[in-house]
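> show me the folded form of this:
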Amino acid sequence: QVQLVESGGGLVQAGGSLRLSCAASGRAFSSYSMGWLRQAPGKEREFVAAISYWSAGVTYYGDSVKGRFTISRDGAKNTVYLQMNSLKPEDTAVYYCAATTSLRLERLDYEYWGQGTQVTISS
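Numbers count the residues shown, from 1 in each chain. This next block holds a predicted model:
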């Protein structure tokens, strides 16, 4: 089992940047692929990005964030990051870090979840 703790959320103006971090503890971090998902009030959960545990980290992105967000992982620190640039008001949501042993990463039902961190983008 793995425990996940997110940090780095906050309030920024449109066009700004934020970097979210997710610290993992418990079972070997290198055994999990990691994802970021988000949920805005009144909306369904949305896949944002993921990075695999294989092939030095294959990355996947949701269509709404491609070219603006970058996911990365640091094995030495057991941490995954989400660099978010050119932020838009529609990026406002609670962002969740999640972990999976599945080979399919563009999904919503990861096995392990953090508590979430609020990201608010003002126009």
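
> now do residue 66 against residue 38, distance only.
Going from residue 66 to residue 38 by Cβ to Cβ, to the nearest Å gives 15 Å. (Each C-beta comes from the backbone N, C-alpha and C, glycine too.)

> and these two? Which one has more around it.
With neighbours defined as other Cβ atoms under 10 Å, residue 66 and residue 38 compare such that residue 38 has more, 23 against 10.

> return the residues in contact with residue 61.
Taking Cβ atoms under 8 Å, 6 or more residues apart in numbering, we find residue 61 in contact with 48, 49, 69, 71.

> the closest residue to residue 75 other than its chain neighbours - how many residues pack around it?
Counting by Cβ to Cβ, 6 or more residues apart in numbering, residue 30 is the residue found nearest to residue 75 once chain neighbours are left out, at 5.8 Å. Number of residues near residue 30 (other Cβ under 10 Å) recorded here: 11.

> where does residue 30 fall, phi/psi-wise?
phi -70, psi -10 (degrees, to the nearest 10).

> I figured it hits residue 52, correct?
No. With contact defined as Cβ atoms under 8 Å, residue 30 does not count as touching residue 52 (10.9 Å).

> which among the contacts of residue 61 gets closest to residue 121?
Closest to residue 121 out of the contacts of residue 61 is residue 69 (12.8 Å), distances taken as Cβ to Cβ.

> thinking the closest one is in contact with residue 86, fair?
No. Here residue 69 lies out of contact with residue 86, judged by Cβ under 8 Å, at a distance of 9.0 Å.

> okay, the two: which has more neighbours?
residue 69 (22 against 13).
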